[in-house]
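>>> quick one: sequence and predicted model below, then my questions.
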Amino acid sequence: MRKPIIAGNWKMNKTVTETIALLKEISSKDLSKNVEKVVIVPFTSAYSAVKELKNTDIKVGCQNMYFEESGAYTGEISPLMLNDLGIDYVIIGHSERREIFKESDSLINKKVLSAIEHSINPILCCGETLEERENNRQEDKVKSQLIEDLKNISKDDIEKVVIAYEPIWAIGTGKTASSDDAEEMCKFIRDLLVELYDSKSASKVRIQYGGSVKPENVSEIMSKDNIDGALVGGASLKADSYASLINF
Ligand code: PEP
């Protein structure tokens, strides 16, 4: 049985002071125990977030990391630094990193391997552009991303990876993929995992949908067989809305 996982990606929002205030509000809410709850905060907020959520079952994630442990990589954050903070999850290959910061699949693969090696669960993002969707190339795109991003991830480790299917045209645009389209792609991803690993391993991997998920559409999305969670940007930034997502 796959435990649902709902993660709020705060992106480049919230100062430390605002983080503490929002987390106090979130943790005072009645939140389902049956859902794995994650807040994915900016690096500057991570220490305070872990401290603030110490006595709760809400986990803290970061939005990126470099694959090396230390060295001359100005501006980067290492897995050892995240370990020291007590970070459980890290987003790897978000479309904003791929598109704006030109991260390649081979870099993303190194980051996924490094996260696993350091016991941080990667939330690996994949998804097609609007143009690819309009040309019916969404499956080719996601397949080629995942084959490269998951290179050398073993059968034992694949269940530690959460895969977030996020069509780029639906992120932050207010346009959501229909729940049937989202399910079709998440099923496609699970079938690909059967091909790359086997059906037992594939059945253990949690696949999230992301792209303008909000309280009004979350239960419909979560009702689908191959969708085990959501990666949510905008709608995760308010305590009431985050709580409604968790209690779908
Ligand atoms: C995201 O940040 O991954 C995301 C899906 O954002 P939004 O929910 O705002 O579309």
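Received it, and whenever you're ready, just let me know what you need.
>>> helix or strand: which one has the residue nearest in space to the middle of the chain?
The centre of the chain sits closest to I123, judged by C-alpha atoms, centre = their mean, with a distance of 3.9 Å. Assigned by DSSP states H and E, I123 falls within strand 121-126.
>>> mean confidence score for the helix or strand following that strand?
Sequence-wise, the next helix or strand downstream of strand 121-126 (DSSP H and E) is helix 130-134. For helix 130-134, the mean pLDDT works out to 94.
>>> what helices or strands is the helix or strand following helix 130-134 leaning on?
The element immediately downstream of helix 130-134 (helix or strand, assigned by DSSP H and E) is helix 138-149. Counting contacts by 3 or more C-beta pairs under 8 Å, 6 or more residues apart in numbering; DSSP states H and E, helix 138-149 packs against helix 105-117, strand 121-126, helix 130-134, helix 179-196. Where you see a C-beta, it was placed from the backbone N, CA and C, and this is true even at glycine.
>>> would you turn these into TSV with distance to M12?
Converted to TSV, those look like this (distance: least, C-beta to C-beta, whole Å):
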stretch	distance to M12
helix 105-117	19
strand 121-126	16
helix 130-134	23
helix 179-196	26
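>>> could you identify which of those is most buried?
Highest mean neighbour count among the helices and strands packed on helix 138-149 (mean count of other C-beta atoms under 10 Å): strand 121-126, with a mean of 25.
>>> can you tell if that one touches the ligand?
No - judged by C-beta under 6 Å from any ligand atom, strand 121-126 and the ligand are separated, with a smallest distance of 6.9 Å.
>>> what's next to that strand, contact-wise?
Applying C-beta atoms under 8 Å, 6 or more residues apart in numbering, the external contacts of strand 121-126 come out as 7, 40, 61, 88-95, 98, 108, 111-112, 115-116, 141-142, 145-146, 149-150, 160-166, 189, 208, 210, 231.
>>> which residue, other than its chain neighbours, is closest to whichever residue of the chain sits closest to the ligand?
Taking C-beta to the nearest ligand atom as the measure, the point where the chain comes nearest the ligand is G233, at 2.4 Å. Nearest residue to G233, sequence neighbours excluded (C-beta to C-beta, 6 or more residues apart in numbering): N9, at 5.0 Å.
>>> what does L231 give?
Closest to L231 by C-beta to C-beta, 6+ apart is G210, at 3.5 Å.
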